[in-house]
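S.K.: starting from these lines, generate the structure:
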Amino acid sequence: MRSMILILTSLAFMAGAAHADANKQTKGSFEDKFRQLEVDLPTPNTYRTASGAPGESYWQQRADYQIRATLDEAAKRLTGSQIVTYRNNSPHALSYVWFQLDQNIFKQDSIARRTETTSPGGRPGAVTDRLGLGALAREHALADTTHGFEIGKVADGAGRSLAHTIVDTMMRVDLPRPLEPGRSQSLQIEWAFNIIDQNVIGGRAGYEHFEETNTDIFFQAQWHPRLVAYTDYAGWQHKQFIGRGEFTLEFGDFDVSLTLPDDHIVASTGELQNPTQMLSPIQRARLAQAASATSPVFIVTPEEALANEREGTSGTKTWRFKASNVRDFAWASSRKFIWDAMGVDQPDGQDVMAMSFYPNEAEPLWSKYSTHAVAHTIGAYSKFSFPYPYPTAISVNTWESGGMEYPMITFNGYRPVIDKKTGERTYTRRAKYGLIGVVIHEIGHIYFPMTVNSDERQWTWMDEGINSFLQRMAELTWEETFPGRGGPVNVLDGIVDYMVSEDQQPIMTNSESISQLGANAYAKPTAALVVLRETVLGRDLFDHAFREYSKRWRFKRPTPADFFRTMEDASGVDLDWFWRGWFYTTDHVDVAISGVREYRISSKDPEVDNPAARLLREQQQPEPVTVQENRAEGEPTYLERHPELRDFYNENDEFAVTNKDRNDYTTYLEGLSVEERRTLERAVQEDPFLYFVDFANIGGLVSPLPLRFTYEDGSKRSAMIPAEVWRLNSENVTKLFIEDKKVVRIELDPEHRTADADYSNNQFPQVPVQSRLELFRFTSQQRNQMAESLVELKAKSEASPDGRDAPLAPTSGPAR
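M.R.: Numbers count the residues shown, from 1 in each chain. Sure, this is the predicted structure:
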């Protein structure tokens, strides 16, 4: 570091009488990163307050359902009827109501089908035309079978037909007379549809066929016409279902009867109303045992499930479930299901039955981890929000990977593989952590948005982003080294590549217009909330504010403004700069230490300062190399050969103290006030090190500055500079640090707390960035360390006379 002497002077400050209007900047290049967000947010009203809480006139609609449905397993077809009681709690008379017909997305003439494209975002002139076998199989499946809702009867509660109009994935039902505020209307609808083969077509529900055993798993969601939400901020939320933007729904009670093959085991939203008819005595006894168990108990064992799927049946049974105050209803059924369960005790809420349903193809992975992950999620999420609000929490294995959420039930992927060398079923590291992570994520969705009922169709990040943040908190309390989304344990490192990329949109973008949904709606909000909790607010303030938001909007429908305002209201911290930068722009964090200058205080006393200045110059300005070489060669200077030329200036350098210097010092002291002289004397006595540190905001996103100073004696000190340091200049700032010891290193964000994109410019002096370069050839195969271990053990067992070496595959699981 370059060291200098700093001269203290007496300064007077003048405040200007005028200031520029930041919102109408016409001079200079000032950009107000701290402009208040209230000028852009919706105006508070009696429905939604300026504090972010529901107002005194807040309202939301209600829809109660009575549904009967029958599964035709051979035809892969569902037929049903429903009576919906719709209560108008709004202040408006409604002359029609809208229903969501989500199955219509699979119709050949749907908006989604007609607007499908290939190679999204392809560069002009680039040849990207391609068609895979999977994509072609999907086209065949959609063409070979008619999909979408087949709407039959639409009538009022008395059975009188009502006019209705289908608009893509929405249906308008015209009421015989306007539905006045505070009144209810019953509606009857009959419907049917052909269930999609989810493995071929994709989507959030359908059936999965197992070729080897000619068996199926049915998992049904968006399976009946559902009321469209009518809100104070958007009216009818009937933006068409195109595929990404999920669902906006009303709370209500469900009474559902499902007629299914009589050997099917069923997982469903709600509580089973006829267990005596549907479950055997031993299954009911096992459920009772599971309620107080500390590890999962098999309700249907793997052996029982395997025997059940081999038998087949031609009979049916009708399962009846009821669910109170839920916004949706989903279910799954199969003769393949293993079923395990364990109770979760909630000190501040009702006890919960955590359960998992999965085929033998999911073993040994699912019995080891799924239900434990369900139980862990309830404990972790309740700490941040509120007790889990429902009696059951279910994880169902319905596909190879990924997940989907509904009240009390989730559909989750990841399965083991059969190793071709050993014949053993093992699982990869990716499958293990993928399963635990997806269960945490999907069960977490029962809190957000199934309870805190945000508008998924409009703002994907409000459920996916908030939930992904809580998922990460839960993962790191499951295991400290739990891999993050995309790989790094620190999600702030994992988001950097996306935040510096050109192909992105602000978080506050509708999901149908986002080019990289996973990064935009999941990973970036996660990173933002981690920064907000760990760096900006601190845990105490963040956790209190987030818990307040969760409780305020439990069983209500918040908007982004309600979240932003509540977090500020409950924390007492102005966060407008944070929301604006992280959620409304594509700026990224890249702050550099662009310069450091070290000073010592000048006492103005020539007897002290002049020797110090001489020593400093000797340290900073070594003799010219020419002088050193001449001396080494023994060549005398001209002055050495003619000493008579020496005079006063040769005997005394410019740092020699003269009487004039002493007189000037006396005059200087006499001109100081008592307070100024006291300040100078203290500074001279303490003799601190002064560091002027320059910071450059390269990425554009203003950020706090977490700093670590390392001193000459090896000790360290941390400091946190709030983001408001950028309020007058968002591009470059200089900060003074007064230290009592010499600093040898300054590090910016050494703990990776800000999602900084480039750590090579975060230290002074700079140090090389360390890494390791590996030569490799590309392979897409996932390493299966468990299978590798089995191969080793099998070889060892074959070589051992007694053959006592056992396989490594996990055998722990639910009690039988």
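S.K.: in the stretch 301-450 of the chain, which spans are helices?
M.R.: Applying DSSP state H, counting those that start in this stretch to the stretch 301-450 of the chain gives helices spanning 302-311, 365-384, 429-444.
S.K.: most centrally placed residue in this protein?
M.R.: With the centre of the chain defined as its mean C-alpha position, the nearest residue by CA atoms, centre = their mean is Thr526, 2.8 Å away.
S.K.: of all the helices of the stretch 301-450 of the chain, which lies closest to Ala155?
M.R.: Ala155 lies closest, by CB to CB, to one member of the helices of the stretch 301-450 of the chain: helix 429-444, at 36.4 Å. From N, CA and C alone the C-beta is placed, and that goes for glycine too.
S.K.: tell me which other helices or strands the next helix or strand along the chain from that closest one touches.
M.R.: The helix or strand immediately downstream of helix 429-444 is helix 461-478, counting by DSSP states H and E. Applying 3 or more CB pairs under 8 Å, 6 or more residues apart in numbering; DSSP states H and E, one finds that helix 461-478 makes contact with helix 365-384, helix 429-444, helix 524-531, helix 560-571.
S.K.: quick one on the thing from earlier: could I get the helices of the stretch 301-450 of the chain as a markdown table with distance to His209 and mean neighbour count?
M.R.: As requested, these are arranged in a markdown table below (distance: least, CB to CB, whole Å; neighbours: other CB atoms under 10 Å):
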| stretch | distance to His209 | mean neighbour count |
| --- | --- | --- |
| helix 302-311 | 13 | 16 |
| helix 365-384 | 19 | 24 |
| helix 429-444 | 21 | 23 |
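S.K.: let's have the ones you listed in JSON lines, adding mean pLDDT and distance to Val396.
M.R.: Converted to JSON lines, the helices of the stretch 301-450 of the chain look like this (pLDDT from 0 to 100; distance: least, CB to CB, whole Å):
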{"stretch": "helix 302-311", "mean pLDDT": "93", "distance to Val396": "13"}
{"stretch": "helix 365-384", "mean pLDDT": "98", "distance to Val396": "9"}
{"stretch": "helix 429-444", "mean pLDDT": "96", "distance to Val396": "10"}
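S.K.: the ones you listed into TSV, with extra columns for distance to Thr586?
M.R.: Compiled in TSV, the helices of the stretch 301-450 of the chain are given as follows (distance: least, CB to CB, whole Å):
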stretch	distance to Thr586
helix 302-311	50
helix 365-384	28
helix 429-444	25
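S.K.: quick one: closest of those to Trp399.
M.R.: Ranking the helices of the stretch 301-450 of the chain by their distance to Trp399 (criterion: CB to CB) puts helix 429-444 first, at 10.4 Å.
S.K.: only alpha carbons, please: show the closest one as PDB.
M.R.: Extracted in PDB, the C-alpha atoms of helix 429-444 (Å, rounded to 0.1, in the frame of the first residue of the first chain):
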ATOM      1  CA  ARG A 429     -25.700 -38.800  -5.100                       C
ATOM      2  CA  ARG A 430     -27.900 -36.700  -7.400                       C
ATOM      3  CA  ALA A 431     -30.900 -39.000  -6.800                       C
ATOM      4  CA  LYS A 432     -30.500 -39.000  -3.100                       C
ATOM      5  CA  TYR A 433     -30.200 -35.200  -2.600                       C
ATOM      6  CA  GLY A 434     -32.600 -34.600  -5.500                       C
ATOM      7  CA  LEU A 435     -35.300 -36.600  -3.600                       C
ATOM      8  CA  ILE A 436     -34.700 -34.900  -0.300                       C
ATOM      9  CA  GLY A 437     -34.600 -31.500  -1.900                       C
ATOM     10  CA  VAL A 438     -37.700 -32.000  -4.000                       C
ATOM     11  CA  VAL A 439     -39.700 -33.300  -1.100                       C
ATOM     12  CA  ILE A 440     -38.700 -30.300   1.000                       C
ATOM     13  CA  HIS A 441     -39.600 -28.000  -1.800                       C
ATOM     14  CA  GLU A 442     -43.000 -29.400  -2.600                       C
ATOM     15  CA  ILE A 443     -44.100 -30.000   1.000                       C
ATOM     16  CA  GLY A 444     -42.900 -26.400   1.600                       C
END
